[in-house]
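> Quick check, what structure comes out for this input:
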Amino acid sequence: MSRQTPSQTVGPYFAYGLVPEQYGFDLKSAFPTRLIESDDPAPRVTLTGRVLDGDGAPVHDALIEFWLARGEAPPAMCRIGTGTDPQCRYSVDLPRPQAAGNEAPHVDVIVMARGMLLHAITRIYLDDEAQANAADATLEAVPAARRHTLIARAIGHGHYQFDIRLQGENETVFFEL
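Modelled structure (predicted):
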């Protein structure tokens, strides 16, 4: 089992400090916790999952930012914490990502958590976009044996499962920008 290091003593503060409404605090969150409203008629998806540490245990205080390109408009962004769900899951509703140029539909993701001195950047692709995924230059640059760590799997109509593994077996591919 992993033990905390001295650098991990700076948290946990990300989630409840940066998304206080989600945690029931009487403070306004600086950013929304969803990318689409419930009455929006646009095609939508729900992403759910957990952030897992090197031992495969759920991280109860991770903060995840989801960024979604919107054509010529600035990207939309929301923040979700993992600490309000008993299983440490996140869940986010968003418009279904659209292909842009030669990129497959995807969501850009930034992960922050206790013990991480720098944030981690990844992408989420949808498994039912196989043809577009096969032509995506970023996904193609990832070794074939690791691409599955970037693909959310459909578990129902418009509902996808995507766990973010910070270390260990099947570690999510993270990008350096």
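> what helix or strand is Thr138 on?
Using DSSP states H and E, Thr138 falls within helix 137-141.
> which element follows that helix toward the C-terminus?
Criterion used, DSSP H and E; the element after helix 137-141 is strand 151-156.
> Give me the contact list for the following helix or strand past that following strand.
Sequence-wise, the next helix or strand downstream of strand 151-156 (DSSP H and E) is strand 159-161. Residues outside strand 159-161 that contact it (C-beta atoms under 8 Å, 6 or more residues apart in numbering): 45-49, 124, 126-127, 152-155. Bear in mind the C-beta positions are built from the backbone N, C-alpha and C, glycine included.
> Strand 159-161 pairs with which strands?
strand 44-52 (parallel), strand 151-156 (antiparallel) (DSSP bridges).
> winner for burial among these?
Comparing the strands paired with strand 159-161 by mean neighbour count (mean count of other C-beta atoms under 10 Å), strand 44-52 comes out on top with a mean of 20.
> do you know how far Gln87 is from Pro58?
7 Å (C-beta to C-beta, to the nearest Å).
> and for those two, which residues touch both?
Residues touching both Gln87 and Pro58 (C-beta under 8 Å, 6+ apart): Arg50.
> Counting neighbours, go ahead and name the busier of the two.
Using other C-beta atoms under 10 Å as the criterion, Gln87 and Pro58 rank with Pro58 on top: 18 against 9.
> so the more buried one bridges to which residues?
Going by DSSP bridges, Pro58 forms beta bridges with Leu52.
> Quick check, pLDDT for it.
In the prediction, the pLDDT value recorded for Pro58 is 93.
> Please apply the same query to the one 5 residues further on.
According to the model's per-residue confidence, Leu63 sits at a pLDDT of 87.
> ok, now which ones touch the residue nearest the centre of the chain?
The residue lying closest to the centre of the chain (C-alpha atoms, centre = their mean) is Val109, at 4.6 Å. For Val109, the contact set (C-beta under 8 Å, 6+ apart) comprises 64-67, 121-124, 164.
> quick one: secondary structure of the nearest residue to it once chain neighbours are set aside?
Nearest residue to Val109 in three dimensions, chain neighbours excluded: Thr122, at 5.0 Å (C-beta to C-beta, 6 or more residues apart in numbering). Put simply, Thr122 is strand when judged by DSSP: H, G, I helix; E, B strand; the rest coil.
> Would you confirm that Thr122 contacts Glu171?
No: with contact defined as C-beta atoms under 8 Å, Thr122 does not reach Glu171; the gap is 10.2 Å.
> what about those two, which has more around it?
Using other C-beta under 10 Å, the more surrounded residue of Thr122 and Glu171 is Thr122, with 19 against 14.
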